[in-house]
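*Asks:* Kindly return the folded structure for what I paste below:
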Amino acid sequence: MTAALPNLFTHPYLSIVNQLGVPINTDNDNDSVPTPRLLPYGAVSFIIILDALVQEYVKGRSYTDDQVSIYRSLEDKMTATYGLDGPACLLRFICDLQKFPIKDWTIVGEVITAVFTPREDGRGMLLDYREAQLAGQMEDPESCFVNYGYTCPFSVFNYFRELEDLERQDNLPLDDEEEAQELLLSPGDLELQADLTEDDGVFQQIV
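*Replies:* Predicted coordinates for the structure are as follows:
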């Protein structure tokens, strides 16, 4: 790394090495008593350039700035790759996230919730996203569809909810691709799909 980036270590830096190991019992001292030891399995290093952190602090870049950058990037990706209304679908995701406590399920869910829970800093940069968050906190279970379903008839949370119900009912794996795709649509979304198909066939494929 030093040869490839000769100027990297001319700055003060902090190196964090996370090592993954497997515990095993050994008797290296021959006392007939197994001793637990850690067998190294792999290591991942993180290098933080300290003066870069200071520069970010001096420039005043905030958590909100990072959230805006992430949101805009995802919106562009959804629009360019899947042909969806990126901003509307991200707003619906933020809204749906308030109705599904995935932060209580796994560590990954907690990270996703932290990233997609907008923090307003008074500059109005996340106003639309905050409104989506508040819409998701309404008691109406269809509030996210009512607010964003007609611009983004897609909700990833419907897949997990319906898949869980399906497996609970008949304990069968879900193999049919069309059936899996339909699970991504809420009852309101399916009605919208039927209306669009009857009117002019605009709605052909969601994902």
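
*Asks:* from here on, contacts and neighbour counts on C-alpha atoms
*Replies:* Will do.

*Asks:* domains of the chain?
*Replies:* Listed domain ranges for the chain are 8-54, 62-153, 155-184 (source: automatic domain parsing).

*Asks:* so where's the chain shaky on pLDDT?
*Replies:* Residue ranges of the chain with pLDDT under 70: 1-25, 27-28, 36-62, 121-123, 159-207.

*Asks:* Which strands or helices does the longest helix seen in it pack on?
*Replies:* For the chain, the longest helix by residue count, based on DSSP state H, is helix 63-82. Counting contacts by 3 or more CA pairs under 8 Å, 6 or more residues apart in numbering; DSSP states H and E, helix 63-82 packs against helix 86-97.

*Asks:* between the helix it packs on and helix 63-82, how big is the angle?
*Replies:* Interaxial angle, helix 86-97 versus helix 63-82 (axes from the mean of the first three to the mean of the last three CA atoms, to 10 degrees): 120 degrees.

*Asks:* Just after helix 86-97, pick out the following helix or strand.
*Replies:* Remark: after helix 86-97, the chain's next helix or strand is helix 107-115, criterion DSSP states H and E.

*Asks:* list the buried ones in that next one?
*Replies:* Across helix 107-115, burial judged by 16 or more other CA atoms under 10 Å covers 113, 115.

*Asks:* Which elements pack onto whichever helix or strand comes after that helix?
*Replies:* Proceeding N to C from helix 107-115, the next assigned helix or strand is helix 127-136, under DSSP H and E. Where contact means 3+ CA pairs under 8 Å, 6+ apart, helix 127-136 is packed against helix 86-97, helix 143-148.

*Asks:* Once you drop chain neighbours, what's closest to Lys99?
*Replies:* Gly136 (6.1 Å; CA to CA, 6 or more residues apart in numbering).

*Asks:* Now do the same contact list for the one you found.
*Replies:* Gly136 makes contact with 94-99, 143-144 under the criterion CA atoms under 8 Å, 6 or more residues apart in numbering.

*Asks:* repeat that for 6 Å
*Replies:* Gly136 makes contacts with 95-96, 98, as judged by CA atoms under 6 Å, 6 or more residues apart in numbering.

*Asks:* Likewise for Leu127?
*Replies:* Not one residue lies near Leu127 by CA under 6 Å, 6+ apart.

*Asks:* got the contact list for the longest helix of the chain?
*Replies:* Residues from elsewhere that reach helix 63-82, judged by CA under 6 Å, 6+ apart: 84-87.

*Asks:* what's the answer for stretch 83-94, then?
*Replies:* 75, 78-79, 132-133, 148, 152.

*Asks:* Redo the residues you listed as JSON lines? Include neighbour count and distance to Val111.
*Replies:* Converted to JSON lines, those look like this (neighbours: other CA atoms under 10 Å; distance: CA to CA, whole Å):
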{"residue": "Glu75", "neighbour count": "18", "distance to Val111": "19"}
{"residue": "Met78", "neighbour count": "16", "distance to Val111": "21"}
{"residue": "Thr79", "neighbour count": "14", "distance to Val111": "24"}
{"residue": "Ala132", "neighbour count": "27", "distance to Val111": "19"}
{"residue": "Gln133", "neighbour count": "24", "distance to Val111": "16"}
{"residue": "Tyr148", "neighbour count": "20", "distance to Val111": "24"}
{"residue": "Cys152", "neighbour count": "21", "distance to Val111": "24"}
